[in-house]
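>>> Next come a sequence and a model predicted from it.
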Amino acid sequence: MAKPSVGVSEVGVSSQAACPCPGTLFPYPPPRGAAAGIVVAAAVRRKCLQVELGAACWGGVESMRASSPTHAKAAAALAAGVVDDNGERAAWMVRHPSALGKFEQIVAASAGKRIVMFLDYDGTLSPIVDDPDAAFMSETMRMAVRSVAKHFPTAIVSGRCRDKVFGFVKLAELYYAGSHGMDIKGPAKTSSRHAKAKAKGVLFQPASEFLPMIEEVHERLVETTRCIPGAKVENNKFCVSVHFRRVDEKMWGELSEAVKGVLREYPKLRLTQGRMVFEVRPTIKWDKGKALEFLLESLGFADCTNVLPVYIGDDRTDEDAFKVLRRRGQGVGILVSKHPKETSASYSLQEPAEVMEFLLRLVEWKRLSRARLRLQ
Ligand SMILES: O=P(O)(O)OC[C@H]1O[C@H](O[C@H]2O[C@H](CO)[C@@H](O)[C@H](O)[C@H]2O)[C@H](O)[C@@H](O)[C@@H]1O
């Protein structure tokens, strides 16, 4: 397997509107509704954008607020205040319909194609909880993922380090891309269908030279944030998470200054933000989107039209993968969120329980279509 070089520039980026590919699933331009609906949709877009713009100044208290849907909502309400909750959600759902509601449309698009599943972990397979070490997935979710992996090549793509996410998922037959895709490994055992990828020995660590620096910055961040009650620093091997979910909001400014202060001494590291968490990571151009492309290539689907990647995720870091699908004009991006958010995903699911339902429906649909084929 050829390893893509780190820092591959994105070429041929085109919006869906500019390059409408027949058979693609992105529902853009959005279906036209009543004029009032369009006005509401525009207001939602504006509000989402305001939240995102705030979030662009990584590390500030405003961006910390924006990383919590409830805080973000309050901030957006301050900005416009013209859209009621129901109208806001309804307009957003027009642009990002439920993947369950549009299930038939999604599977119809897979005709003649191989589905490859990409699943984020936190907030997608497991509910968000206060303690990152207690983010367990349910046994029923594990069974659903196991069933999906029997039918389709399946990868877990997480911000956590690979060992830790494997410790939660515990399924040896999957691909794992830990540390936001910077640590990729194939299945320990594999069915003959996936033997090709195994034979090629999938394993990729584009940020290995950063290991000593990440170790060092982890120690520094633990030390610097020690005096801030509730702050938790997590070593994710090729990146570090600094959690503020359990930090009193009055201390957020102090925490953000502490993190930024340490980072100033490490220009080769950058700061991004997830759900109530700062993510410290190498400046290399590698993210969940690049990991998705790497895995597709590993599975023999580079530049193929006969593949349908399905990516399900809930966080900002998953947007890199949604953008890749959008750029390729191929695949299904599904955002897990109860709240309207600016996203490049096409569809939505509200919570991990709906993700499980979607996975189980996919398995059932596959079983039925196989049975139908046998009868023909
Ligand atoms: O890419 P992911 O698998 O979604 O990982 C992103 C981060 O997830 C974890 O933090 C998030 O979930 C925690 C448990 O529910 C929650 O307490 C925290 O507020 C969330 O940000 C994980 O602990 C981080 O290291 C990952 O980067």
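That came through fine.
>>> what does the stretch 201-350 of the chain have sitting close to the ligand?
Proximity of the stretch 201-350 of the chain to the ligand (Cβ under 6 Å from any ligand atom) is limited to residues 234, 236, 241, 243, 245, 274-277, 279, 315, 317. Where you see a C-beta, it was placed from the backbone N, CA and C, and this is true even at glycine.
>>> Secondary structure, pLDDT and neighbour count added to those, as CSV?
Below are these laid out as CSV (DSSP: H, G, I helix; E, B strand; the rest coil; pLDDT from 0 to 100; neighbours: other Cβ atoms under 10 Å):
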residue, secondary structure, pLDDT, neighbour count
234, strand, 98, 20
236, coil, 98, 25
241, strand, 98, 21
243, strand, 98, 21
245, coil, 97, 17
274, strand, 94, 19
275, coil, 96, 17
276, coil, 97, 18
277, strand, 97, 20
279, strand, 97, 22
315, coil, 95, 25
317, helix, 95, 24
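>>> possible to save the residues you listed as JSON lines with distance to residue 86?
Below are those laid out as JSON lines (distance: Cβ to Cβ, whole Å):
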{"residue": "234", "distance to residue 86": "37"}
{"residue": "236", "distance to residue 86": "38"}
{"residue": "241", "distance to residue 86": "35"}
{"residue": "243", "distance to residue 86": "33"}
{"residue": "245", "distance to residue 86": "28"}
{"residue": "274", "distance to residue 86": "28"}
{"residue": "275", "distance to residue 86": "24"}
{"residue": "276", "distance to residue 86": "26"}
{"residue": "277", "distance to residue 86": "30"}
{"residue": "279", "distance to residue 86": "33"}
{"residue": "315", "distance to residue 86": "25"}
{"residue": "317", "distance to residue 86": "30"}
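>>> show me where the stretch 201-350 of the chain has helices.
Ranges of helices in the stretch 201-350 of the chain, per DSSP state H, counting those that start in this stretch, are 211-225, 252-263, 288-298, 319-328.
>>> Could you list the buried residues of the third one?
This means helix 288-298. Residues of helix 288-298 classed as buried by neighbour count (16 or more other Cβ atoms under 10 Å): 288-298.
>>> distance between that helix and the chain's centre?
How far helix 288-298 lies from its chain's middle: 13 Å, per Cα atoms, centre = their mean, to the nearest Å.
>>> try the second one
In terms of Cα atoms, centre = their mean, the centre of helix 252-263 is found 25 Å from the chain centre.
>>> The residue in the stretch 101-250 of the chain positioned nearest to the ligand: neighbour count?
Proximity of the stretch 101-250 of the chain to the ligand (Cβ to the nearest ligand atom) peaks at residue 159, 2.7 Å away. Counted with other Cβ atoms under 10 Å, residues neighbouring residue 159 total 27.
>>> Looks like residue 181 contacts residue 157 (just checking).
Yes. The pair residue 181 / residue 157 is scored as a contact, 6.1 Å apart, by Cβ atoms under 8 Å.
>>> what is in contact with those two at once?
288, 291-292 (Cβ atoms under 8 Å, 6 or more residues apart in numbering).
>>> surely residue 299 meets residue 152?
No. Counting by Cβ under 8 Å, residue 299 does not reach residue 152; the two are 10.4 Å apart.
>>> more crowded one of the two?
Between residue 299 and residue 152, residue 299 has the larger neighbour count (other Cβ under 10 Å), namely 23 against 20.
>>> And that one, how close does it get to the ligand?
As defined by Cβ to the nearest ligand atom, to the nearest Å, residue 299 lies at a distance of 21 Å from the ligand.
>>> cool, residue 322 as well?
As judged by Cβ to the nearest ligand atom, residue 322 and the ligand stand 13 Å apart.
>>> and stretch 91-110, average pLDDT?
Average pLDDT, stretch 91-110: 97.
>>> swap in stretch 166-175?
97.
>>> What residues sit buried inside it?
Result for stretch 166-175 [16+ other Cβ under 10 Å]: buried residues 166, 168-169, 171, 173-175.
>>> And stretch 363-371, by the same measure?
Going by 16+ other Cβ under 10 Å, stretch 363-371 has these buried residues: 363, 365-366.
>>> just those now: which is nearest the ligand?
Once Cβ to the nearest ligand atom is applied, the member of the buried residues of stretch 363-371 that ends up nearest the ligand is residue 363, at 22.1 Å.
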